[in-house]
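*Asks:* Sequence unavailable; structure follows:
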């Protein structure tokens, strides 16, 4: 069995509710543990001999500084993509199949930032695929916006706060959020949308420094000087259909914000 088959099997077990690994051979936990023999004492000759000092570990590189350096010279979205591919500090990349970077129309008035890639996104290498992506397309189609549109007025540009899928869709760590934030802010700066939509807690935490999407949703914020609307992710809407009513209200609010003033 290769790594990915084992990874998929483990993920399937977690989704079924498995919370403990049990070996094939039963263990008697009441049995007295074996006493480990004491290490033999050193002879005088051994004690006098010079023992080479233990190697000193190099200090851990500050991943946030490395991320900021990586984006400092970036001037285009293709350069940002290359910088992310070359960024080795984030451990999330080691468990993901693909870097999930963007989809839709670059330069569109609306930029949608998801929280993290789903399993389908990881396989496709694009954000908002699978059932959640289908729902997202229907949501924005309802207000005359589409990722397939070829003009800035009707197009949307899609990305995710985390470019790599966390193991079993787990919440990213504070370190992951901090080190990947410079990449997201640079992405927003390059895309230069009129309005930003943050979908999910990870996106809000990275862009706003706050989580709690049920409280934040529908409340306009500001990121890099741009009006920003937090919303619930399509993935969560599939789990909680009753929340679709609030999502529809947020979409209508977004459409009203995009209309030119009289």
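*Replies:* Cool, the structure landed. A quick note: this is a predicted structure, and the numbers were derived from the prediction, not measured. Residues are numbered from 1 along each chain as shown.

*Asks:* if we look at stretch 165-185, which residues are touching it?
*Replies:* With contacts defined as CB atoms under 8 Å, 6 or more residues apart in numbering, stretch 165-185 is touched by 10-11, 14-15, 63-64, 66-68, 70-71, 80, 83-84, 87, 89-92, 95-97, 100, 113, 116-119, 121-122, 159, 161-163, 201-202, 205-207, 224. Where C-beta positions appear, they are placed from N, C-alpha and C, glycine not excepted.

*Asks:* Quick one, which of these are buried?
*Replies:* Among the contacts of stretch 165-185, those scoring as buried are 63, 67-68, 70-71, 80, 83-84, 87, 89-90, 92, 96-97, 100, 113, 116-118, 121-122, 159, 161-163, 201-202, 205-207 (criterion: 16 or more other CB atoms under 10 Å).

*Asks:* just checking, which of the contacts of stretch 165-185 belong to helices?
*Replies:* Assigned to helices by DSSP state H, the following of these qualify: 10-11, 14-15, 63-64, 66-68, 70-71, 80, 83-84, 119, 121-122, 201-202, 205-207.

*Asks:* Tell me the spacing between the closest residue to residue 199 other than its chain neighbours and residue 214.
*Replies:* The shortest distance from residue 199 to any non-neighbouring residue, by CB to CB, 6 or more residues apart in numbering, is to residue 233 (4.6 Å). Per CB to CB, to the nearest Å, residue 233 is found 12 Å from residue 214.

*Asks:* so where's this protein shaky on pLDDT?
*Replies:* Counting by pLDDT under 70, the chain shows low-confidence ranges at 1-61, 261-262.

*Asks:* Would you list the phi and psi of residue 76?
*Replies:* Main-chain torsions, residue 76, degrees, to the nearest 10: phi -150, psi 160.

*Asks:* and the residue nearest to it when sequence neighbours are not counted, how many neighbours does it have?
*Replies:* Excluding its sequence neighbours, the residue lying closest to residue 76 (CB to CB, 6+ apart) is residue 190, at 6.9 Å. Number of residues near residue 190 (other CB atoms under 10 Å) recorded here: 17.
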